[in-house]
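1. Provided below are the primary sequence and the corresponding predicted coordinates.
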Amino acid sequence: MGSQASVDVQAFTIDRNPSTTGSMATRAKRRRTWARGAVFLALVAPRKSRADEPLEIEVRGDAIAIPPKEPSVAGGVIRRERLNSPGLEAGDALRTQPGVAVFESGGYGSPASASVRGATAAQTPVYLAGIRLNDDVGGAADLSTIPLWFMNRIEIYRSNAPLAGDQLGIGGAIFFEPRRANGAQASAGAMAGSFGARAIWGRAGIGNESTSALVGVRADGAKNDYSYLNDGGTRFDRQHDHTSVFSNADTRRLDVWAVGSMRLGARGRVDLVANDLERSQGLQTFALFPTTAARATFKRRLAAFTTQVPCAAVGCLVTSTTSIVSTRTEYDDPLREVGLGATRIDLDGTRLEDGLALRWAPLRHFSVAPSIRAGIDRLTIGGQDRAAARARRVFSRAALQGEWAGASQISLRALASAECHGTAIEGPLPWSAPGDATGPTSGNPTCTQFQPSARAGVEVGSALVTWLATVGRYARVPTLSELYGVSGVVRGNTALIPESGLSIEVGARSTRALTQALGGLSLDAFAFLRWSSDLISYQRSAIGYVRPFNIGAARVAGLELEASYTPLPFLLFELGATLLDPRDTSPVRPANDLLPYQPRVVLTPRVEGRARFRQSVIDSAQASVSYFYESSRYADRAGLIVVPEQGSLDVTGELRLFGEQLALSVRLTNLLAQTRFDLIGYPLPGRAAYLAMEIEWR
């Protein structure tokens with residue numbers, strides 16, 4: 001495993017007492033620095049400081065972080081301080097990262113998903129505390145069920161997933177890592193915002209480096225009764241346009257978390273994670289025909305137990321993991337507004353997984369890491385007055401990773417994996433179409449699909465830049481949800497077949513070196529190319545839902561840039577940029593060969609400033625301004641339906657007081673009130689504001 005790069009926090013002190021300023025040269029240097037930062041200070045200083053009160057200005061302008069689980073591939077890290085803004089959800093945080101596309105279905109608390117480099121959400125595994133959320137039952141991971149209030153960091157891997165993931169996959173991987181207790185602590189907070197958004201939460205923990213425990217609970221929700229422009233179904237005739245209020249879009253969530261850790265000897269460790277989540281929401285279709293009575297309820301319970309113990313050989317460590325995820329989704333459509341095929345559908349999913357991994361370094365510069373995983377997924381689909389359909393997936397994987405780190409700043413890494421998938425279905429589906437597999441399958445399959453995958457990479461370091469190159473072969477079988485599943489906007493397709501392909505990426509990364517040489521500049525730039533066979537994509541139907549299908553062949557090329565620049569110790573500029581060219585390369589394809597739902601240009605500039613105050617009630621102040629731009633996307637293969645370009649100007653601010661025990665924060669979103677739509681035409685909220693307060697005891 002590679003180490004995470006970081007840059008020391010830069011700070012300087014301005015002392016307005018002449019008796020403490022030091023030499024003339026020092027005073028002149030400080031006056032020049034003050035002149036450059038005067039405008040910023042005028043904006044962030046909450047009150048005038050006394051003449052003898054020192055003032056410290058600081059920005060946590062860390063260089064771009066290297067993803068720790070696999071440092072040789074393109075990726076990034078979002079730290080805890082970026083996850084604390086009121087009203088911020090996982091999709092909002094991920095949207096700032098290059099190569100990541102986020103798809104929403106409404107306002108605060110509504111389902112959202114993420115994909116990487118032109119993949120679909122089902123092709124991008126999302127892990128929460130090491131547990132894969134988009135398992136073979138659920139397909140795409142719902143980002144609205146991920147608790148940022150309990151998270152320590154987010155790790156994004158835009159290339160193939162690291163060994164810590166159970167599948168290499170087409171769309172990289174995203175890891176959400178929870179907080180851990182460090183000493184006795186407790187906190188409580190509340191949030192209120194536009195469109196009826198509200199939340200209360202609390203955390204409590206105790207422990208040290210040897211043993212710790214942290215628990216937390218949060219209840220939140222929103223009415224999501226925002227207004228939108230309704231064209232009455234006549235897009236090109238403006239005389240029918242009128243303003244409507246989104247109805248039946250409310251959400252309510254209750255989230256309970258617990259994490260514990262205990263050290264075993266000098267190198268051993270035991271970790272436990274448990275979660276219980278419940279969410280209720282209105283179920284929508286077209287905004288043109290809003291629903292009034294359709295509802296959806298989602299319940300999730302997960303637990304994971306991980307142990308790390310040293311083995312007999314020197315430099316050897318064995319890690320075992322056991323996890324279980326149980327979900328239940330209930331769709332109630334008494335007026336048949338959504339078209340589920342029944343007035344009520346229940347989906348019950350369960351995933352049980354075990355894994356064993358060994359890491360051994362027999363030589364100083366060489367290590368190997370074999371691992372095995374096995375899991376069972378079950379999905380039961382029941383409709384009112386209908387026989388239940390039952391689907392099952394048996395998964396097993398064997399993998400071997402080798403790493404050689406030479407003394408001349410050259411590292412080589414290789415990973416090979418073989419997966420077996422066995423799928424079975426019994427019973428009719430509520431929305432069965434002619435040709436769908438609705439009867440019992442023959443036998444008891446345990447390996448109906450065998451798929452090998454591999455990746456090899458090289459990393460060459462220099463004084464200023466580290467050069468990286470990776471080539472890989474991936475494969476992915478359709479999930480049970482893609483084959484047989486259903487949601488408010490997605491239907492399954494039993495005719496899907498596995499997808500596979502090749503990927504190549506080359507890039508350059510600079511962190512500490514450029515920061516020292518060019519006054520706070522760090523860059524991360526990658527180019528990639530991926531060829532896919534039988535790629536699973538989605539197509540919008542005439543009645544408002546999307547359905548997966550296999551594209552004969554596809555090619556996705558792209559450029560990604562992440563840049564961070566600190567011209568002054570208290571000022572930080574950031575830029576994320578993605579250029580994407582996703583093409584359908586099938587022998588028989590429509591005239592428009594661009595893959596649907598993929599924006600070709602995404603830009604996320606951001607400016608942040610931070611000030612610290614000594615001997616003051618106010619400890620620190622922080623403000624940031626960011627903009628998100630996304631180009632237009634096609635919503636169908638023929639290119640007839642276009643989701644227009646959209647953007648959002650956001651502002652955040654935070655004050656910490658009384659020894660950082662009290663935090664007051666504000667977040668303003670979409671200040672320009674730009675019209676935004678999700679992937680199937682749902683209107684998204686306009687201008688909104690969120691306020692939060694949190695008290696912490698340590």
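-> Now that the structure is in, tell me what you want to look at. Numbers count the residues shown, from 1 in each chain.
2. when you work out contacts or count neighbours from here on, use the C-alpha atoms and nothing else.
-> OK.
3. how about the helices of the protein, start to end?
-> Under the criterion DSSP state H, helices of the chain are mapped to 24-44, 90-94, 480-484, 512-517.
4. touching the second one from outside, list them.
-> Contacts made with helix 90-94 from outside it, assessed by Cα atoms under 8 Å, 6 or more residues apart in numbering, are listed as 78, 82-83, 100, 102-104, 112-114, 143-144, 146-148.
5. distance of the nearest residue to Pro644 once chain neighbours are set aside relative to Gly171?
-> Among residues not flanking Pro644 along the chain, Ser632 sits closest, at 4.4 Å (Cα to Cα, 6 or more residues apart in numbering). According to Cα to Cα, to the nearest Å, Ser632 and Gly171 sit 21 Å apart.
6. and Thr566, by the same measure?
-> Computed as Cα to Cα, the Thr566 to Gly171 distance reads 31 Å.
7. now do Val102
-> As for Val102, its distance to Gly171 is 13 Å (criterion: Cα to Cα).
8. and stretch 401-408, what's buried?
-> Gln401, Gly402, Glu403, Trp404, Ala405 (16 or more other Cα atoms under 10 Å).
9. quick one: it to chain centroid distance?
-> With Cα atoms, centre = their mean, to the nearest Å as the basis, stretch 401-408 stands 30 Å off its chain's centre.
10. can you list contacts of that stretch?
-> So stretch 401-408 is contacted by 163, 365-370, 411-416 (Cα under 8 Å, 6+ apart).
11. test my guess that Lys299 contacts Gln281.
-> No. Assessed by Cα atoms under 8 Å, Lys299 is found out of contact with Gln281, at 11.8 Å.
12. the two: which is more packed in?
-> The neighbour count for Lys299 versus Gln281, taken as other Cα atoms under 10 Å, is higher for Gln281 (22 against 18).
13. need the nearest residue in space to that one, chain neighbours excluded.
-> Nearest non-adjacent residue to Gln281 (Cα to Cα, 6+ apart): Thr251, at 4.3 Å.
14. now do the one you found against Pro290, distance only.
-> As for Thr251, its distance to Pro290 is 16 Å (criterion: Cα to Cα).
15. likewise for Pro111?
-> From Pro111 over to Pro290 the distance is 17 Å, taken as Cα to Cα.
16. quick one: contacts for Ser417?
-> For Ser417, the contacting residues are Leu168, Arg397, Ala398, Ala399, Leu400, Pro452, Ser453, Ala454, by Cα under 8 Å, 6+ apart.
17. show me the beta-bridge partners of it.
-> Per DSSP bridges, the residues bridged to Ser417 are Ala399, Ser453.
18. likewise Ser624?
-> Beta bridges link Ser624 to Glu608, Thr652, judged by DSSP bridges.
19. find me the pLDDT at it, would you?
-> Looking at Ser624, its pLDDT is 96.
20. my guess is it contacts Phe573, does it?
-> No. Applying Cα under 8 Å as the test, Ser624 and Phe573 come out as separate, 9.7 Å apart.
21. of the two, which one has the most company?
-> For Ser624 versus Phe573, the count of surrounding residues by other Cα under 10 Å is larger for Phe573: 21 against 18.
22. for Ser503, which non-adjacent residue is closest in space?
-> Arg530 (4.2 Å).
23. let me redo that: Thr307
-> Distances taken as Cα to Cα, 6+ apart put Val270 closest to Thr307, at 4.4 Å, once the chain neighbours are dropped.
24. pull the number of nearby residues for the one you found.
-> Val270 has 18 neighbours, counted by other Cα under 10 Å.
25. quick one: it and Ala213 touch, right?
-> No. Val270 lies out of contact with Ala213 (Cα under 8 Å); the separation is 11.7 Å.
26. what's the overlap in contacts for the two?
-> Common neighbours of Val270 and Ala213, using Cα under 8 Å, 6+ apart, are Ser261.
27. state which strand of the chain is the longest.
-> strand 546-568 (DSSP state E).
28. what's that one packed up against?
-> Judged by 3 or more Cα pairs under 8 Å, 6 or more residues apart in numbering; DSSP states H and E, the packing partners of strand 546-568 are strand 521-540, strand 571-584.
29. which of the ones you listed comes out lowest on mean pLDDT?
-> strand 521-540 (a mean of 84).
30. paired strands for that one, with orientation please.
-> Using DSSP bridges, strand 521-540 pairs in its sheet with strand 499-510 (antiparallel), strand 546-568 (antiparallel).
31. Asp271 against Thr306, yeah?
-> Yes. Contact between Asp271 and Thr306 holds when scored by Cα under 8 Å: they sit 5.1 Å apart.
32. where does the stretch 451-600 of the chain dip in pLDDT?
-> The model of the stretch 451-600 of the chain has pLDDT under 70 over residues 485-491, 512-519, 539-546.
33. still on that earlier bit, pull the longest strand of the chain out as CSV, backbone CA atoms only.
-> Output of strand 546-568 as CSV, limited to C-alpha atoms (Å, rounded to 0.1, in the frame of the first residue of the first chain):
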residue,chain,number,x,y,z
VAL,A,546,-34.9,4.0,-18.3
ARG,A,547,-33.9,0.4,-19.2
PRO,A,548,-30.4,-1.1,-19.5
PHE,A,549,-29.3,-2.6,-22.8
ASN,A,550,-26.1,-3.9,-24.4
ILE,A,551,-24.2,-1.7,-26.9
GLY,A,552,-22.3,-3.8,-29.3
ALA,A,553,-19.1,-1.9,-28.8
ALA,A,554,-18.0,1.5,-27.3
ARG,A,555,-15.0,3.6,-27.0
VAL,A,556,-14.5,6.3,-24.3
ALA,A,557,-11.5,8.7,-24.4
GLY,A,558,-10.9,11.5,-22.0
LEU,A,559,-8.6,14.1,-20.4
GLU,A,560,-8.7,14.9,-16.6
LEU,A,561,-7.1,17.7,-14.7
GLU,A,562,-7.0,18.6,-11.1
ALA,A,563,-4.9,21.6,-10.1
SER,A,564,-4.3,23.4,-6.7
TYR,A,565,-2.5,26.7,-6.3
THR,A,566,-1.8,28.7,-3.2
PRO,A,567,-0.4,32.1,-4.2
LEU,A,568,-0.7,33.4,-0.6
